[in-house]
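Enquirer: Quick one: sequence plus predicted model below, questions after.
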Amino acid sequence: MARERLGSRLGFILLSAGCAIGIGNVWKFPYMVGQNGGAIFVLIYLFFLAIFGLPIMTMEFSLGRASQKSPVHIYKPLAPKKSGWHIHGYAAMIGCYILMMFYTVVSGWIFRYFVSTAKGDFVGLDAAGVSNQFGDIVAKPWPMVIFSFVVIALGFFICSFDLQKGLERITKYMMVALLVIMVGLAVFAMTLPGAAEGLKFYLVPDVSKVKEAGIISVVSGAMVQALFTLSLGIGSMAIFGSYLDDKRSLMGEAVNVAVLDTFVAFTSGLIIFPACFAYNGGETQSGPPLIFEVLPNIFNHMPGGRILGTLFFLFLCFAAFSTVLAVFQAIIACCEDVFKWSKKKACLINGIIMPILALPCILGFNEWSGFKPFGDGTNVLDLEDYIVSYVLLPLGSLVFVLFCSHKFGWGWDNFVNEANKGKGLKVKPWLKPYCQYILPIIAIIVFICGQLSFFGVIK
């Protein structure tokens, strides 16, 4: 059976960007900026996005287009015979599942907050009341089960259709709506009283804030965030390369996706930090609760806050759901390759399996709250996030780099020949020694620093 194709170049860019754009941009990026010194973190993040994220994304796209396979079989037609590269293909498939085990749960929270904000559930509550709302949500498994299962069911339903009529069409509408809503919110946020201080924190570097956060923590956080925000290392980008024709070179397409992804992350900061300084006394270091506890309280005190909050969480819904759809597509393609299932069968079976896999994350906040994998204050979500963000993404990226740049893998010449097909920005010859020797070292440093920072060995 002929492999499906995307209907347009725009569809490819928006789908790939949709995979990259998600919770990492509008939930994790702002609180990482808040905890790691503001503008300095943003600059370091952009630096690693350019020198680390872009070449690896180009490699993922190239592997997908050259192999015409899903992540699980991406090495099969490209790797030397009797080599062990295919092991990473299965690790990538497992990584997609683990990512969705907690990502669908967090997406369920976001959908719940959209509904609650639209209904006016936060109106009249003080800061403690808003905070308690989140505590009530995670303390009761059934509401989380319902919203997470709705996300999963809707995701696999859309993916069950033809690629162009289902995933590509829906993602186009969502991405356009996402961009329109967020730009409108950013313009409004920057007009709030006191917004200037928020913009200063976000846009003007202050070295003293980096010293407070810890330079190693800031740098390692920026490295990990550059991988997480682009969904690199587990093949979720490679799948869209396999649906692409040879008309455009892949470095240029990687740049387009990265720019769109960065625009969304950057603009989310233009919404959140002016609002924090205008209505929350400049409190930006609350970490993960920033979106679910701090922002609803801020919207509660704004003129027209219920409408603005509803729009914000709608934008967040689109961002989260675009990633869910993209990674579901990678999972479905893997099942088609491994088990020879039809698309509809893969959607049906995974639609049953995925809710079961999401249960540990849900129960980790209530029934299984006694399980603290990394000590007090941690739960199942932290374990799953650690496996994906701090292990599979950096090590998977290292595997992609070694495979594409050395003769014992696919090799530099094969990679460049594939990446440079078509019009657009090309991979230059001078990048060869960089990709062969420096890029693997950076990937190893990302992994090691991530471990040391995560476990509190260094700050």
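Expert: Now that the structure is in, tell me what you want to look at.
Enquirer: Find the nearest non-adjacent residue to Ser249, please.
Expert: Gly424 (3.8 Å; Cβ to Cβ, 6 or more residues apart in numbering). To be clear about C-beta, it is placed using only N, CA and C from the backbone, and glycine gets the same treatment.
Enquirer: List the contacts of the one you found.
Expert: 248-253 (Cβ atoms under 8 Å, 6 or more residues apart in numbering).
Enquirer: Output the lowest mean pLDDT helix or strand found in this protein.
Expert: Using mean pLDDT, DSSP states H and E, helix 289 stands out as the lowest-scoring helix or strand of the chain, at a mean of 66.
Enquirer: Between the contacts of Gly424, which sits nearest Ser62?
Expert: Leu250 (5.4 Å; Cβ to Cβ).
Enquirer: Go ahead and confirm that closest one touches Phe415.
Expert: No. Applying Cβ atoms under 8 Å, one finds Leu250 not in contact with Phe415, separated by 9.7 Å.
Enquirer: Of the contacts of Gly424, which is the nearest to Met182?
Expert: For these, the nearest to Met182 is Glu253 (22.7 Å; Cβ to Cβ).
Enquirer: Was I right to think the closest one contacts Ile13?
Expert: Yes. Here Glu253 reaches Ile13: they are 6.7 Å apart, a contact under Cβ under 8 Å.
Enquirer: More neighbours: the two, which one.
Expert: Taking neighbours as other Cβ atoms under 10 Å, Glu253 and Ile13 compare with Glu253 leading, 25 against 19.
Enquirer: Show me which of Leu250 and Phe415 is the more surrounded one.
Expert: Leu250 (30 against 26).
Enquirer: What score does that one have for pLDDT?
Expert: With respect to pLDDT, Leu250 scores 94.
Enquirer: got the phi/psi numbers for it?
Expert: In terms of degrees, to the nearest 10, the main-chain angles of Leu250 are phi -90, psi -20.
Enquirer: anything in contact with each of Leu250 and Phe415?
Expert: Shared contacts of Leu250 and Phe415, counting by Cβ under 8 Å, 6+ apart, come down to Ser62.
Enquirer: give the contact list for Cys317.
Expert: 107, 110-111, 114.
Enquirer: again, only using 7 Å
Expert: 110-111, 114 (Cβ atoms under 7 Å, 6 or more residues apart in numbering).
Enquirer: Shouldn't it be within a helix?
Expert: Yes. Counting by DSSP: H, G, I helix; E, B strand; the rest coil, Cys317 is located in a helix.
Enquirer: That one and Leu163: what is the separation?
Expert: 22 Å (Cβ to Cβ, to the nearest Å).
Enquirer: go on, Phe415?
Expert: With distances taken as Cβ to Cβ, Phe415 is found 26 Å from Leu163.
Enquirer: Could you do Arg248 as well?
Expert: Arg248 is 18 Å from Leu163, by Cβ to Cβ.
Enquirer: cool, Val138 as well?
Expert: When distance is defined by Cβ to Cβ, Val138 is 35 Å away from Leu163.
Enquirer: for Ile94, same thing?
Expert: Distance, Ile94 to Leu163, using Cβ to Cβ: 24 Å.
Enquirer: between the two, who's got more neighbours?
Expert: Leu163 (20 against 16).
Enquirer: thought Ala118 was touching Thr310?
Expert: Yes. With contact defined as Cβ atoms under 7 Å, Ala118 and Thr310 form a contacting pair (4.6 Å).
Enquirer: Which one's more surrounded, the two?
Expert: When neighbours are counted by other Cβ under 10 Å, Ala118 and Thr310 differ, and Thr310 comes out ahead with 19 against 15.
Enquirer: Could you verify my assumption that that one touches Lys119?
Expert: No. The criterion here is Cβ under 7 Å, and Thr310 misses it with Lys119 at 9.2 Å.
Enquirer: Show the low-confidence segments of the chain, by residue range.
Expert: Residues of the chain meeting the criterion pLDDT under 70: 1-7, 19, 280-290, 458-459.
Enquirer: Where do the strands of it begin and end?
Expert: Counting by DSSP state E, one finds no strands in the chain.
Enquirer: So the nearest residue to Gly198 once chain neighbours are set aside versus Ile307, what's the distance?
Expert: Among residues not flanking Gly198 along the chain, Phe277 sits closest, at 3.5 Å (Cβ to Cβ, 6+ apart). To Ile307, Phe277 is 21 Å away according to Cβ to Cβ.
Enquirer: Looking at these two, which is more packed in?
Expert: Using other Cβ under 10 Å as the criterion, Phe277 and Ile307 rank with Phe277 on top: 24 against 13.
Enquirer: rewinding a little: for the contacts of Cys317, pick the one with the most neighbours.
Expert: Neighbour-wise, the contacts of Cys317 (other Cβ under 10 Å) top out at Ile110, 25 neighbours.
Enquirer: Distance check, that one against Trp85.
Expert: For Ile110, the distance to Trp85 - Cβ to Cβ - is 37 Å.
Enquirer: Ok, Phe156 next?
Expert: Distance from Phe156 to Trp85, by Cβ to Cβ: 29 Å.
Enquirer: One more: Val457?
Expert: 32 Å.
Enquirer: ok, those two, which is more surrounded?
Expert: For Val457 versus Trp85, the count of surrounding residues by other Cβ under 10 Å is larger for Trp85: 18 against 10.
Enquirer: my read: that one touches Leu402, true?
Expert: No. Trp85 lies out of contact with Leu402 (Cβ under 7 Å); the separation is 9.2 Å.
Enquirer: Give the residues shared as contacts by the two.
Expert: Contacts common to Trp85 and Leu402, judged by Cβ under 7 Å, 6+ apart, are Gly409.
Enquirer: Run a quick neighbour tally on the closest residue in space to Tyr45 that isn't next to it in sequence.
Expert: Leaving aside its chain neighbours, Tyr45 sits nearest to Ala222 (4.2 Å; criterion: Cβ to Cβ, 6+ apart). Residues within reach of Ala222, counting by other Cβ under 10 Å, total 24.
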